[in-house]
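Engineer: give me a 3D structure for the following:
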Amino acid sequence: MVIANIISYILVLLGAVNWGLFGIFDFNLVSWIFQGPRTAGSIIVYVLITLAAVWLIISPIISGHGLRLKMKEEQVEKTAE
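Structural biologist: Numbering: from 1, shown residues only. Here you go, the predicted model:
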């Protein structure tokens, strides 16, 4: 679950940077990378960013506590053994 949270944060941050660039400079980074806003690559990236955002919303509900970005010390010790 930790890896899913980190990947989700990275994707959501990419989406936030894209929206910031679009709002300030009218430049869509994802569209620029994939040569168009409705290309297959752009759509896949937009869907992945959306799924990451939804994951970050429901993840605390599923786990019963806040988001975890690192393992607890007890888990680290068990993993090291």
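
Engineer: residues in contact with the closest residue to residue 42 other than its chain neighbours?
Structural biologist: In space, and not counting its chain neighbours, residue 42 is closest to residue 34: 4.4 Å by CB to CB, 6 or more residues apart in numbering. For the C-beta atoms, the positions are set from N, CA and C on the backbone; glycine is no exception. By CB atoms under 8 Å, 6 or more residues apart in numbering, the residues touching residue 34 are 40, 41, 42, 45.

Engineer: can you list the buried residues in stretch 50-68?
Structural biologist: By 16 or more other CB atoms under 10 Å, the buried positions in stretch 50-68 come out as 52, 55, 56, 59.

Engineer: what ranges does this protein have for its helices?
Structural biologist: Assignment of helices within the chain using DSSP state H yields the ranges 2-25, 29-33, 40-63, 73-80.

Engineer: could you measure from residue 40 over to residue 54?
Structural biologist: Distance from residue 40 to residue 54, counting by CB to CB, to the nearest Å: 21 Å.

Engineer: cool, and residue 3?
Structural biologist: Computed as CB to CB, the residue 3 to residue 54 distance reads 17 Å.

Engineer: what ranges of the protein fall below the confidence cut-off?
Structural biologist: 66-69, 71-81 (pLDDT under 70).
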